[in-house]
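Peer 1: Kindly return the folded structure for what I paste below:
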Amino acid sequence: MKRGKKYLEAAKNVDRTMSYETEEACAIVKKNATAKFDETIEAHIRTGCDGRHAEQQIRGAVVLPNGTGKKIRVLVFAKGAKADEAQAAGADYVGAEELIPKIQNENWYEFDVIVATPDMMGVVGRLGKELGPKGLMPNPKAGTVTMDVTKAIEDIKAGKIEYRLDKANIVHVPVGKASFSEDQIKENFEALMGAIVKAKPTSLKGQYIKSVTLTSTMGPGVRVNAARYVQ
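Peer 2: Numbers count the residues shown, from 1 in each chain. Have a look, this model is predicted:
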């Protein structure tokens, strides 16, 4: 894969044979984010889980103390008083059955997260083919299927992010923006790692966290010393 000059310059700042302490890794990633836009800082956590087994699936959510740096648009599936509550709590969109054709036929995706009350999951389930592949299906483990729509919306707007294993048993999660301070990136990353460590499946044998890498949208990956998180 051919890399641009900026990437190659940034790569000189990273020793590929080394695992950096968190503080230094955050500093390097921020320094290497030189694009003309505000790059997203992401964590990529390779686990020893086997996601083919339900008991080894990792899925949950954590509120990043400094937010994500992105305005999150929330769609709530609710009716009656719960719909009114969602509107009052700052949901960007609130609706029910009438949204199904809008999503299915008009390819409407002007939202980032969906929250649903439990009684609406029958309706939302009809959108499984559309929402599932995009990772948008509400889930009780992530706190997006709930009667407490106010708390769900407030948490999401404050910087709540969802994490889950992909098919390669890796978790990919944004932990901030290049415009954040090194301390803000570090605090967000450590909050994420705390949640991932707590989510370790009890049935897992062997090494849980195999590697952790921080990277910006356009920059090279920086390997983080994960030992302190798994002791």
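
Peer 1: Most remote residue from the middle of this structure, which is it?
Peer 2: Distance from the centre of the chain peaks at residue 80, with 30.3 Å (CA atoms, centre = their mean).

Peer 1: Looking at that one now. What's its pLDDT?
Peer 2: Here the pLDDT value assigned to residue 80 is 96.

Peer 1: now the helices for the protein?
Peer 2: Counting by DSSP state H, the chain has helices at residues 5-11, 22-32, 80-89, 99-106, 121-125, 128-131, 149-158, 182-198, 227-230.

Peer 1: could I get these as TSV with distance to residue 66?
Peer 2: Backbone N, C-alpha and C define where each C-beta goes, glycine included. Shown next, in TSV, are those (distance: least, CB to CB, whole Å):
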stretch	distance to residue 66
helix 5-11	23
helix 22-32	12
helix 80-89	22
helix 99-106	32
helix 121-125	31
helix 128-131	28
helix 149-158	10
helix 182-198	4
helix 227-230	19
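
Peer 1: Give me whichever of those helices is most buried.
Peer 2: Greatest average neighbour count among the helices of the chain goes to helix 22-32 (a mean of 21), per mean count of other CB atoms under 10 Å.

Peer 1: what's next to stretch 176-192, contact-wise?
Peer 2: 22-23, 26-27, 29-30, 33, 35, 38-41, 43, 62-70, 159, 161, 163, 173, 175, 214, 216, 224 (CB atoms under 8 Å, 6 or more residues apart in numbering).

Peer 1: now do stretch 132-143
Peer 2: Applying CB under 8 Å, 6+ apart, the external contacts of stretch 132-143 come out as 59-61, 77, 109, 111, 113-116, 121, 124, 127-128, 131, 144-146, 152, 155, 160, 162, 164.

Peer 1: Select, out of the helices of the chain, the one closest to residue 169.
Peer 2: Each of the helices of the chain has some distance to residue 169 by CB to CB; the shortest is helix 182-198, at 12.5 Å.
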